[in-house]
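> model the following, please.
(2 chains)
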Amino acid sequence: MKKKSISYFIIILFILAGCGGGGGSSSNNSSNNSGNTSQPATPTTVPAVGKYITINMASGSNSICTYNNAPCVSVSICQPGTTNCQVINNIAIDSGSFGLRVFGSLIPSNILNNLPYLTSGSNTVAECVTYGDGSANWGPIQFADVNLGGITASSIPIQIINSNYQGASKCTGAATSPNDFMLNGILGVGTLTTDQNFSPYYSCTSSNCNLTIPSQYVQNPITALGTNYNNGITFHFGSIPNSGAYNANGYAIFGVGNNVDNTPSSTVSVFKINTSNGSLNVNSTFQGQNNSSFLDTGSQYLFFSNSTFLPLCSNSLFFCPTAGQFVSETATMSDINGFSSSGIINFSIGNTTWLLNSSNTAFATVAYTTNSTGNIIGWGMPFFYGRTVYMVFAGNSITVNNNTYNCGTYGCWIY
Amino acid sequence: MKKILLIAFVSNSFAISLGDTFDKKSLIENSKHTQKIKLITRNSKSVNYEITSDSSKMNIFINNSTHKIFAITWDNKTSVDFKDILGNYYQEFQEARKNPKQHIPLRSIVIDDGDLSFSQYGSMITGFHGSTYVKSLAP
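The predicted structure is shown next:
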């Protein structure tokens, strides 16, 4: 009887043991199953005229930006109105968050000390940004000029990550260093202008901090780059083999529909972003179910609440078809906000254990299940390889195939 | 408007922990006015309540014979406080966390030591979603 009850709640919650399941067609991309061979990625075509920053996958060292599918960029942070700047590399570009966060320890004191603080009366303002593993970023909000690919977002609020800043006890799990966080920072370029309503802000004296509503919020730097660059962001990545690659790269091109590099082709579909269940999402149908789905460069892998369509690796939430084989799957993204758009998403899933047994760092075929309630799909970094994905920021419109789409309060995703 | 936003962040902790003896009357009295408590299912073995606020939804599962909370799931705007949710099981969680048995995606967590299970994933655009249960507390 007890076993029956436990089984019931395991179904509700999550299962760690592997289980079999059906799936799509499979193909074998390897000559044998003895192991996965590392192979360099083919460089992605360089944008011709657009302004951009280069994204290098897992390009760091010493455990900073070295994890699989880590899309890292370089950012220059300057004292506002000056050329007093510091380039910081190994910052993850993340379409799943909003605003720039950088460890203060990486900014020379002659710059850091000259970045004006966001204040609330005579107090400084700090923020606690949390992550799924219980880690967090704590630190004050300061104003900086942020230079991206040669153009500047002037005097915008950014978070200076500093777990020693007063009030850090308000922020459980605050990362103490770049090594602790495995990144030098995060560049949040999601479709909203700021991170308002996503994380708590605090008004801080020299000894204590209390919740507050600040006068400004940490800002997505792309939204401050100026006309022709600030209405969205375009991600462009070349294809990689199913078995993965190393030295993969891509580009984040500023703006959407402004030049040859960021103008959607006639074959794309436009999806207006919804908000429901605390998330920004579009609908994706998979295995006969509607799912809230997300386009998120900050997610390492594809993820599905559905755990039953493929077998799982032993004692793991990762999917594990036969080593060396790749199961082809199809989902359909569809707009439910009046655009009447839909698009087929073809993707493949491989055996995680086999895939990660190589020195490749970019993987398009790794996926896991959250095994959670609710129907969700995370179109993480694997989704972006071999695609150009356009993200139109909230409050903007985009014209595709002579149709103009008003992207409304939360923006649009286009691919 | 400002007050509502502040409460939304404060109220992500429902002051409910795994293994607590459930006391609905106390929960209602201690709940902030933004929280709603709803009975979802009841059977001879267990009861499931859903607690919601402006930015959060939590489901708690109570063993009818012991009145202890043996499972919790949540959907939240920010990450839950692991110490709050796990209560007396936080130490066990910390020990299990030192020796993860599987590859885990960055910024997500999956722990299972045979009795205690815990998982959470999430980000700003997805929200934070998780669950935890103790097999030995289940009916």
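> when you work out contacts or count neighbours from here on, use the C-alpha atoms and nothing else.
Fine.
> helices of the stretch 151-300 of chain A, start to end?
A:178-181 (DSSP state H, counting those that start in this stretch).
> now whichever residue of it sits closest to chain B: closest residue in space, sequence neighbours ignored.
Distances between the stretch 151-300 of chain A and chain B by CA to the nearest CA are smallest at residue A:279, namely 4.4 Å. Leaving aside its sequence neighbours, residue A:279 sits nearest to residue B:126 (CA to CA, 6 or more residues apart in numbering or on different chains; 4.4 Å).
> and if you look at residue A:365?
Nearest one to residue A:365, counting by CA to CA, 6+ apart, is residue A:349 at 4.4 Å.
> where do the strands sit along chain B?
Per DSSP state E, chain B carries strands over the ranges B:36-42, B:46-52, B:56-63, B:69-76, B:109-112, B:116-123, B:127-134.
> could these go into a markdown table alongside distance to chain A and mean neighbour count?
Formatted as a markdown table, the strands of chain B follow (distance: least, CA to the nearest CA, whole Å; neighbours: other CA atoms under 10 Å in any protein chain shown):
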| stretch | distance to chain A | mean neighbour count |
| --- | --- | --- |
| strand B:36-42 | 13 | 13 |
| strand B:46-52 | 9 | 19 |
| strand B:56-63 | 8 | 23 |
| strand B:69-76 | 7 | 26 |
| strand B:109-112 | 5 | 22 |
| strand B:116-123 | 4 | 24 |
| strand B:127-134 | 5 | 25 |
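> low-confidence ranges, chain B, go.
Low-confidence segments of chain B, defined by pLDDT under 70: B:1-14, B:28-34, B:100-103.
> and for chain A?
A:1-35.
> check contacts around the most centrally placed residue in it.
Closest to where the C-alpha atoms of chain A average out (CA atoms, centre = their mean) is residue A:298, at 2.3 Å. By CA atoms under 8 Å, 6 or more residues apart in numbering or on different chains, the residues touching residue A:298 are A:70-71, A:92-96, A:380-381.
> change it to 10 Å
Contacts for residue A:298 (CA atoms under 10 Å, 6 or more residues apart in numbering or on different chains) come out as A:69-71, A:92-97, A:186-188, A:379-381, B:106-107, B:123.
> which bits of the stretch 301-415 of chain A sit near chain B?
Contacts of the stretch 301-415 of chain A with chain B, taken as CA under 10 Å from any CA of the partner chain, map to A:301, A:303, A:313-318, A:352-353, A:356, A:367-368, A:370-374, A:376-378.
> quick revisit: of all the strands of chain B, which lies closest to residue A:54?
strand B:116-123 (23.6 Å; CA to CA).
> and the closest one, what does it pack onto?
strand A:123-130, strand B:69-76, helix B:82-86, helix B:90-98, strand B:109-112, strand B:127-134 (3 or more CA pairs under 10 Å, 6 or more residues apart in numbering or on different chains; DSSP states H and E).
> as CSV, these with distance to residue A:87 would be great.
CSV is the format used below for these (distance: least, CA to CA, whole Å):
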stretch, distance to residue A:87
strand A:123-130, 23
strand B:69-76, 35
helix B:82-86, 35
helix B:90-98, 35
strand B:109-112, 32
strand B:127-134, 31
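> next, name the residue at the spatial heart of chain B.
residue B:72 (4.0 Å).
> my read is that that residue contacts residue B:138, right?
No. With contacts defined as CA atoms under 10 Å, residue B:72 does not count as touching residue B:138, sitting 11.7 Å away.
> which neighbours do these two share?
Common neighbours of residue B:72 and residue B:138 (CA under 10 Å, 6+ apart) are B:61-62.
> from residue B:64, how far off is residue B:45?
5 Å (CA to CA, to the nearest Å).
> what's the overlap in contacts for the two?
Common neighbours of residue B:45 and residue B:64 (CA under 10 Å, 6+ apart) are B:138-139.
> list the buried residues for stretch A:383-394?
A:383-386, A:388-394 (16 or more other CA atoms under 10 Å in any protein chain shown).
> identify the farthest-apart pair in those.
Taking CA to CA as the measure, those span a maximum distance of 25.6 Å, between A:386 and A:394.
> now the stretch 301-415 of chain A against chain B: closest residue?
Counting by CA to the nearest CA, the stretch 301-415 of chain A gets nearest to chain B through residue A:316 (5.8 Å).
> now do the same contact list for the residue nearest to residue B:62 when sequence neighbours are not counted.
Take residue B:62 and drop its neighbours on the chain: the residue closest to it by CA to CA, 6+ apart is residue B:69, 4.4 Å away. Contacts for residue B:69 were tallied using CA under 10 Å, 6+ apart; they are B:16-22, B:46-48, B:60-63, B:133-134, B:137-138.
> same check, this time on residue B:89
B:17-19, B:82-83, B:116, B:134.
> please redo it, this time with the cut-off set to 6 Å
Shown in contact with residue B:89 (CA atoms under 6 Å, 6 or more residues apart in numbering or on different chains): no residues.
> tell me how far residue A:334 lies from residue A:273.
Following CA to CA, the distance that separates residue A:334 from residue A:273 is 11 Å.
> so which of these two has more stuff around it?
The neighbour comparison of residue A:334 against residue A:273 (other CA atoms under 10 Å in any protein chain shown) goes to residue A:273, with 26 against 21.
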